[in-house]
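Participant: just need the structure, nothing else, for what follows:
(one chain, ligands or ions: 1)
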Amino acid sequence: MSKVLILNGPNLSKLGSREPDVYGTVDYTQLVGDLTAFGVNLGLETDIRQTNDEAELISWIHEAYENKYSVVLNPAAFTHYSYALRDACAMLTKSGLKLIEVHISNPHAREEFRQTSVISGVATGVIAGFGLDSYRLALTQLAS
Ligand code: DQA
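Facilitator: Prediction:
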């Protein structure tokens, strides 16, 4: 089974209660359970994590790079300004590994500051605006 890290940035642990009009009512624990089962059906081993810490998120990208794991990344607010995270993602994708940037909402339809992603230019692909299905679409692509 090939392994995929599903990495989530700041505030995503609050899914379900945080701005449910934007991010829905399914909580983070449920998301982890659903994606784990979804991955198994696709023949993927998933390792799903969340952090509010930029350094920790970058160290997980390093771990994926060293172990040749694919990554599904919701960088959350780091999307819009973390050049350090971008550099880590570039290292991964330029080595031939896949990294799919996902967003629950469609940042392009929201505030102006969300319309810039410093990650997209070094991601393998971007999926946004499909709610939690954005993660499922990314896993489906990685399994194909
Ligand atoms: C998000 C969009 C970001 O702009 C925001 O900061 C998030 C979540 C999304 O999944 O829609 O925390 O990445």
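Participant: and the residue sitting nearest the centre point of the chain, its phi and psi?
Facilitator: In the chain, the centroid-proximal residue (Cα atoms, centre = their mean) is residue 73; its distance is 1.9 Å. Main-chain torsions, residue 73, degrees, to the nearest 10: phi -120, psi 120.
Participant: pLDDT at it, what is it?
Facilitator: We have a pLDDT of 99 for residue 73.
Participant: run a quick neighbour tally on the nearest residue to it once chain neighbours are set aside.
Facilitator: The shortest distance from residue 73 to any residue other than its chain neighbours is 5.0 Å, reached at residue 7 (Cβ to Cβ, 6 or more residues apart in numbering). Backbone N, C-alpha and C define where each C-beta goes, glycine included. The local packing of residue 7 (other Cβ atoms under 10 Å) involves 25 other residues.
Participant: likewise residue 52?
Facilitator: A total of 16 residues lie near residue 52 under the criterion other Cβ under 10 Å.
Participant: good, we can wrap up now.
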